[in-house]
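S.K.: please work out how this folds:
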Amino acid sequence: MSSKYEIIIYWSKEDEVYIAEVPELAGCMSDGKTYAEALKNVQQIINEWIATAKQLDRQIPEPKGRLMYA
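M.R.: Numbers count the residues shown, from 1 in each chain. Got it, this is the predicted structure:
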C-alpha cells in the first residue's frame with residue numbers, strides 16, 4: 001500500500017536513530033539507523049495503523065499533504 005501522508009524524519013541524538021513521524025495518524029511513528037531505514041519502517045507502520053483502524057471500525061483520516069507548522 002502506498003500512502004500519501006506527510007512523514008517528518010529527524011535525527012534523535014539521544015536515541016542515535018532517525019525518527020519518522022506521521023502527524024495525521026495519531027501515534028504513528030517509527031525509527032531506523034539510517035534515513036532510508038526509518039522511511040521504510042514508517043511505511044510499514046502506516047500500513048499497520050490503517051489495517052488496525054479498519055479492524056476496529058475507526059475513521060481513517062484522508063491525507064492532506066503538506067502540513068504547516070508555526
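S.K.: contact partners for the residue most central in space within the chain?
M.R.: Computing the C-alpha centroid of the chain and ranking residues by CA atoms, centre = their mean puts residue 22 first, at 3.4 Å. For residue 22, the contacting residues are 5, 6, 7, 8, 28, 29, 42, 45, 46, 49, by CB atoms under 8 Å, 6 or more residues apart in numbering. Every residue, glycine included, has its C-beta placed from N, CA and C.
S.K.: so where do the strands sit in this protein?
M.R.: For the chain, the strands defined by DSSP state E occupy 8-12, 17-21, 29-32.
S.K.: and residue 66, which of these is closest to it?
M.R.: When those are compared by CB to CB, strand 8-12 sits nearest residue 66, at 10.8 Å.
S.K.: report the buried residues of stretch 39-46.
M.R.: Residues of stretch 39-46 classed as buried: 41, 42, 43, 45, 46 (neighbour count, 16 or more other CB atoms under 10 Å).
S.K.: what distance do you get for the closest residue in space to the residue nearest to the centre of the chain that isn't next to it in sequence to residue 64?
M.R.: Leaving out its chain neighbours, the residue that sits closest to residue 22 by CB to CB, 6 or more residues apart in numbering is residue 28, at 4.0 Å. Residue 28 sits at a distance of 14 Å from residue 64 (criterion: CB to CB, to the nearest Å).
S.K.: spatially, which two of the buried residues of stretch 39-46 are the most separated?
M.R.: 41 and 46 (9.9 Å).
S.K.: the residue lying closest to residue 27 once chain neighbours are set aside: neighbour count?
M.R.: Nearest non-adjacent residue to residue 27, counting by CB to CB, 6+ apart: residue 49, 7.9 Å away. Close neighbours of residue 49, defined as other CB atoms under 10 Å, add up to 21.
S.K.: with the one 10 residues further on instead?
M.R.: Neighbour count for residue 59, taken as other CB under 10 Å: 6.
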